[in-house]
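Undergrad: Pasting the sequence and the predicted coordinates here, then a few questions.
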Amino acid sequence: MKSIFTKFSILAIIFLITTAAQAQFGLRGGINFATISTSDESVDLKNTIGYHLGLVYEADLTNNLTFRPGLIYTLKGTKVEFEDNSTTTNNNYFEIPLDFHLKFGDPDDNRLGIYAGPYVAFLISGDTDGGDVSVTYRDTDFGLNAGITYDIYNFTLGLNYGSSINNVADDANFGDLEVQNRVLSAFGLFIF
């Protein structure tokens, strides 16, 4: 995993240096409505409310197309209800989204946009009402993001949906159970 992360970091730095003339940094923050999906349909899963905060780097590829990688601290998890009990799992990740953003309209005006791209997220910690559960989850989550934005000068409002494409559950603890993160986010982004 460290080898993949190192190679990715080197490629990202090269890309950032080559596009620095047409790029800007930004600060992104928002609220998450997170849950997991599972192959066990007998479990009643509910959304948890969390947040995300991080930096993005917006590089203009054309007047209407940008590449927006970032480094986001994000809270994912779920609330599990069974019989008369419930427990909440909070998993903390550093997520690296690699989004391509298509914007409609004149670059000097407020405008609507859509985006999509892959992400990789690295588990920092995991806890539940009963204690640490990080060992029950894999260290890495791969997924896809898609969303819609509205730019108002240097400020952007957006909605994002992110979904794992891999099983984030550790097979040693969950057996054949498939678990994926699902997160709907509302966010604000300030480009400076």
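TA: Arrived safely, thanks for sending.
Undergrad: Touching, residue 110 and residue 151? I think so.
TA: Yes: assessed by CB atoms under 8 Å, residue 110 is found in contact with residue 151 at 5.9 Å. For glycine as for every other residue, the C-beta is placed from the backbone atoms N, C-alpha and C.
Undergrad: So for these two, which sits in the more crowded spot?
TA: residue 151 (20 against 11; other CB atoms under 10 Å).
Undergrad: excluding its backbone neighbours, what's nearest that one?
TA: Once flanking residues are discounted, residue 151 sits nearest to residue 111: 5.3 Å by CB to CB, 6 or more residues apart in numbering.
Undergrad: Near the one you found, how many other residues are there?
TA: 16.
Undergrad: do you know how far it is from residue 101?
TA: Residue 111 is 11 Å from residue 101, where distance means CB to CB, to the nearest Å.
Undergrad: same thing with residue 125?
TA: Taking CB to CB, one finds residue 125 at 30 Å from residue 101.
Undergrad: Pull the contacting residues for the residue nearest to residue 151.
TA: Contact partners of residue 111, counting by CB atoms under 8 Å, 6 or more residues apart in numbering, are 103-105, 150-151.
Undergrad: do the same with residue 71
TA: Residue 71 neighbours (CB under 8 Å, 6+ apart): 54-55, 94-96.
Undergrad: export the helix or strand hosting it as CSV, just CAs?
TA: For residue 71, the host element (DSSP states H and E) is strand 65-82. Taking Å, rounded to 0.1, in the frame of the first residue of the first chain, the C-alpha atoms of strand 65-82 are listed here in CSV:
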residue,chain,number,x,y,z
LEU,A,65,-13.1,21.8,-17.7
THR,A,66,-11.0,21.5,-14.5
PHE,A,67,-9.2,18.8,-12.7
ARG,A,68,-9.7,19.0,-8.9
PRO,A,69,-7.7,16.7,-6.7
GLY,A,70,-7.8,17.2,-3.0
LEU,A,71,-6.9,15.9,0.5
ILE,A,72,-10.0,15.7,2.6
TYR,A,73,-10.4,14.5,6.2
THR,A,74,-13.8,12.9,6.3
LEU,A,75,-16.0,11.0,8.7
LYS,A,76,-17.9,7.9,7.4
GLY,A,77,-19.8,5.2,9.2
THR,A,78,-23.3,4.0,10.0
LYS,A,79,-25.8,3.5,12.7
VAL,A,80,-26.9,-0.1,13.3
GLU,A,81,-30.3,-0.9,14.9
PHE,A,82,-31.2,-4.3,16.2
